[in-house]
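S.K.: dropping a prediction and its sequence here:
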Amino acid sequence: MDGRLSFSGLWADRREPRVQVLTLICVFTVLRLIEAAVMGLGTDESYTVAVSRDLHLSYFDHPPIHYWIVHFLSPVLGYGRASRLPFILLFAGSTWLTFRLTERLFSARAGLWAAIALSLTGFFSVAAGDWVLPEGPLIVFLLAAANALADGGFADAGAAPTPLRTWAWAGLWIGLAALSKYQAALFCVGIGLYLISDKTRRRDLLTPGPWLAAALTLLILTPVFVWNAQHHFASFAFQGGRGVPNKLHPTGPLEALGGQMALLLPWLFVPAVIAGWRAARAGPAQSRTWFCLMLAAPAIVVFSLEPLVGPKSLPHWSMPGWLFLFPLIGAWLAAASEAGKAWPRRWAIVSAAILIVVGGFALDEAATGWLGPAFPKAFKKGDPTAEAIEWKGLREALASQGLIRPGEFIVAVKWNEAGKIDEALKGAEQVYVFSNDPREFAFRGDPAALVGHDALIIGRPDAVKGHLAEVAGYFQSTTAAQPIAIGRGGRDEFDLAVVRAHDLLRPYPRNGL
């Protein structure tokens, strides 16, 4: 050797994992852009987009950040599929932050494997990585907070930022995560568990840093507190009431874990469980793996055990916990790969192939619906892509029947149908929900201002039939119109019932909110 340092050699030695991660991010971002362009908005997405038309300090279902994103970018992106673009970009950032966190804790090669594993999961790569959901901003801000803490707690000597700076950044990111979704509280529990259980970190609780972070988090959450105070703490009551114990369900935890495995996909769930178990056995003595485990454990444990004595938890509620096992998966896969074992590479190739093939069929089915008629036995319990059907042609069909008239409003009898109606009508008419579960639609406009106006009641026939007697009592009279067919791929999928309601007699109650 001549002692000279080659620039290309330096890049290959120190930057190759980073280049590979950036390539990975670009490839999967392109795939998500294709999905966003082809697949219609899901039920939760269309609901989010619909209520985002109204700018509030916070909202009934969740804190406001993902609603704000849609609202403030609507002049550029509109209220439709293009609303997914910022969420796709957020997940590109999440993938990079996963790499960055794992690199800080273990190695760049481990970070690459962690980023690969994250990109091969069903929930993170598709739902959180593409759709208009609160998980997009929640995940990126939680990862930013974990990176801030890791940079301060595991940096090389002399390279770590000051403790106050570390905790200030952590508080900022945690506050933004909490402004995305309430599950951020369990991340704070994880930090507390880590500090208490690691004897080298307990003294941090006696310093100003953690308390500064807590103060910043609460300050950033001010819009949520103000909105709830103005609306009888409706959001806190709604979310808190979803976990109230009712009766014993012995199989509840197994069902919850089964749902979580389905979202992660089995080939990611098993490595995550193994990596978490290894970290638990090593204990606090291995501070880096213990840090990840403590951040992961609260959400996984709470939402896996809650169904034992309460209602079923939704599988995606625990995903912010599973997120922090990916650095452990990355370290495990990197160690096996560096030991000369071929299975990590084969695992990644097979996993990617399955994800792309299955995802391609799902995307094609969501766009065209051809699989259901071709293989009816496979869809006995319904087509899982049906909620992505856009109610296109609704406005044109209403206009052809002369049903759209100035001064009228639209009534849905279910909140999840209201979002679809709003999307189809492109916000041209105000949509309200007349039911005992209106969600955010309960806070739209002044109910008294609608008195004396006519309305169109629109929805699936069963839903309209089941609510019509109660809703009709608020109007002078009602008249049924012709049903409207909704379909995809040139094929009718279902009908919508339409009822003209004349002269609203009194405001519909907001369900006590």
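M.R.: Nice, I can see it. Numbering: from 1, shown residues only.

S.K.: make it CA atoms for all contacts and neighbour counts henceforth
M.R.: Noted.

S.K.: for the stretch 201-350 of the chain, what spans make up the helices?
M.R.: 208-220, 222-230, 234-241, 252-264, 266-282, 287-309, 319-322, 326-338, 343-368 (DSSP state H, counting those that start in this stretch).

S.K.: wait, which of the ones you listed is closest to Glu16?
M.R.: Smallest distance to Glu16 across the helices of the stretch 201-350 of the chain (C-alpha to C-alpha): 14.2 Å, for helix 326-338.

S.K.: buried residues, stretch 466-475. List them.
M.R.: Leu468, Val471, Ala472, Tyr474, Phe475 (16 or more other C-alpha atoms under 10 Å).

S.K.: which other residues reach it?
M.R.: Contacting residues not belonging to stretch 466-475 are listed as Val413, Phe434, Ser435, Thr478, Ala501, His502, Asp503, Leu504, Leu505, Arg506, Pro507, Tyr508 [C-alpha atoms under 8 Å, 6 or more residues apart in numbering].

S.K.: name the next helix or strand downstream of the host helix or strand of the fourth one, please.
M.R.: Which is Thr478. When elements are assigned from DSSP states H and E, Thr478 belongs to strand 475-480. Using DSSP H and E, the helix or strand that follows strand 475-480 towards the C-terminus is strand 484-488.

S.K.: quick one: His231 from Val51, how far?
M.R.: Using C-alpha to C-alpha, to the nearest Å, His231 is found at 16 Å from Val51.

S.K.: now do Tyr508
M.R.: From Tyr508 over to Val51 the distance is 19 Å, taken as C-alpha to C-alpha.

S.K.: then Ser74?
M.R.: 12 Å.

S.K.: looking at the two, which one has more neighbours?
M.R.: Using other C-alpha atoms under 10 Å as the criterion, Ser74 and Val51 rank with Val51 on top: 23 against 17.

S.K.: list the contacts of the more buried one.
M.R.: Contact analysis of Val51 by C-alpha under 8 Å, 6+ apart lists Tyr67, Gly419, Glu440, Phe441.

S.K.: mind showing which ranges of the stretch 51-200 of the chain have poor pLDDT?
M.R.: 157-160 (pLDDT under 70).

S.K.: can you show me the helices along it?
M.R.: 65-77, 85-105, 108-119, 122, 128-130, 135-153, 163-178, 184-197.

S.K.: quick revisit: so which of the helices of the stretch 201-350 of the chain is nearest Asp156?
M.R.: Judging these by C-alpha to C-alpha, what sits closest to Asp156 is helix 287-309, at 13.4 Å.

S.K.: all the helices of the stretch 401-513 of the chain, residue numbers only.
M.R.: Listed in chain order, the helices of the stretch 401-513 of the chain (DSSP H, counting those that start in this stretch) span 415-425, 461-472.

S.K.: now those helices as TSV including distance to Pro284?
M.R.: Listed next are the helices of the stretch 401-513 of the chain as TSV, based on distance: least, C-alpha to C-alpha, whole Å:
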stretch	distance to Pro284
helix 415-425	45
helix 461-472	54
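
S.K.: nearest to Leu212, out of those helices?
M.R.: With C-alpha to C-alpha, the closest approach to Leu212 among the helices of the stretch 401-513 of the chain belongs to helix 415-425: 39.7 Å.

S.K.: pull the distance from the closest one to the chain's centre.
M.R.: Remark: helix 415-425 is offset 19 Å from the chain centroid, using C-alpha atoms, centre = their mean, to the nearest Å.

S.K.: average pLDDT for that helix, rounded please.
M.R.: Helix 415-425 carries an average pLDDT of 94.

S.K.: from the contact counts, what lies against that helix?
M.R.: Judged by 3 or more C-alpha pairs under 8 Å, 6 or more residues apart in numbering; DSSP states H and E, the packing partners of helix 415-425 are helix 43-51, helix 394-400, strand 409-412, strand 431-433.

S.K.: mean neighbour count added to the helices of the stretch 201-350 of the chain, as TSV?
M.R.: Shown next, in TSV, are the helices of the stretch 201-350 of the chain (neighbours: other C-alpha atoms under 10 Å):
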stretch	mean neighbour count
helix 208-220	18
helix 222-230	17
helix 234-241	15
helix 252-264	19
helix 266-282	17
helix 287-309	22
helix 319-322	24
helix 326-338	23
helix 343-368	16
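
S.K.: wait, which of those is closest to Asp446?
M.R.: helix 222-230 (15.2 Å).

S.K.: so which of the buried residues of stretch 466-475 is the closest to Lys181?
M.R.: Here the nearest of the buried residues of stretch 466-475 to Lys181, counting by C-alpha to C-alpha, is Val471; it sits at 33.0 Å.

S.K.: then stretch 397-411 to CSV, C-alphas only?
M.R.: Extracted C-alpha coordinates of stretch 397-411, given in CSV (Å, rounded to 0.1, in the frame of the first residue of the first chain):
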residue,chain,number,x,y,z
ALA,A,397,-76.1,10.5,-10.9
LEU,A,398,-77.7,12.9,-8.4
ALA,A,399,-77.6,15.8,-10.9
SER,A,400,-79.2,13.6,-13.7
GLN,A,401,-82.2,13.0,-11.3
GLY,A,402,-82.4,16.7,-10.5
LEU,A,403,-81.6,16.0,-6.9
ILE,A,404,-78.9,18.6,-6.3
ARG,A,405,-80.4,21.9,-5.5
PRO,A,406,-79.0,25.1,-4.0
GLY,A,407,-79.4,25.5,-0.2
GLU,A,408,-79.6,21.8,0.5
PHE,A,409,-77.2,19.6,2.6
ILE,A,410,-76.3,16.0,2.6
VAL,A,411,-77.1,13.5,5.4
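
S.K.: now do it, average pLDDT.
M.R.: On average, stretch 397-411 scores 90.

S.K.: what's the nearest residue to Gly419 if we skip its chain neighbours?
M.R.: The shortest distance from Gly419 to any residue other than its chain neighbours is 4.0 Å, reached at Tyr47 (C-alpha to C-alpha, 6 or more residues apart in numbering).

S.K.: the one you found: neighbour count?
M.R.: 24.

S.K.: show me what contacts it?
M.R.: Residues near Tyr47 by C-alpha under 8 Å, 6+ apart: Trp415, Asn416, Ala418, Gly419, Lys420.

S.K.: in its sheet, what does the longest strand along the chain sit against?
M.R.: If you go by DSSP state E, the chain has its longest strand at strand 491-504. Strand pairing for strand 491-504, using DSSP bridges, gives strand 455-459 (antiparallel), strand 475-480 (antiparallel), strand 484-488 (antiparallel).

S.K.: these: lowest mean pLDDT?
M.R.: Among the strands paired with strand 491-504, strand 484-488 scores lowest, at a mean of 91.

S.K.: what does that one contact?
M.R.: Strand 484-488 has contacts (C-alpha under 8 Å, 6+ apart) with 367-369, 389, 391-394, 397, 492-498.

S.K.: ok, these vs Arg346, which is closest?
M.R.: Ala367 (31.4 Å).

S.K.: surely Ala82 touches Ala36?
M.R.: Yes - Ala82 lies in contact with Ala36 (C-alpha atoms under 8 Å); the separation is 7.4 Å.

S.K.: tell me the contacts of Asp462?
M.R.: Per C-alpha under 8 Å, 6+ apart, neighbours of Asp462: none.

S.K.: run a quick neighbour tally on the residue found closest to Glu45 once you drop the neighbours it is linked to in the chain.
M.R.: For Glu45, ignoring the flanking residues on the chain, the nearest one in space by C-alpha to C-alpha, 6+ apart is Val132 at 5.2 Å. Using other C-alpha under 10 Å, Val132 has 31 other residues around it.
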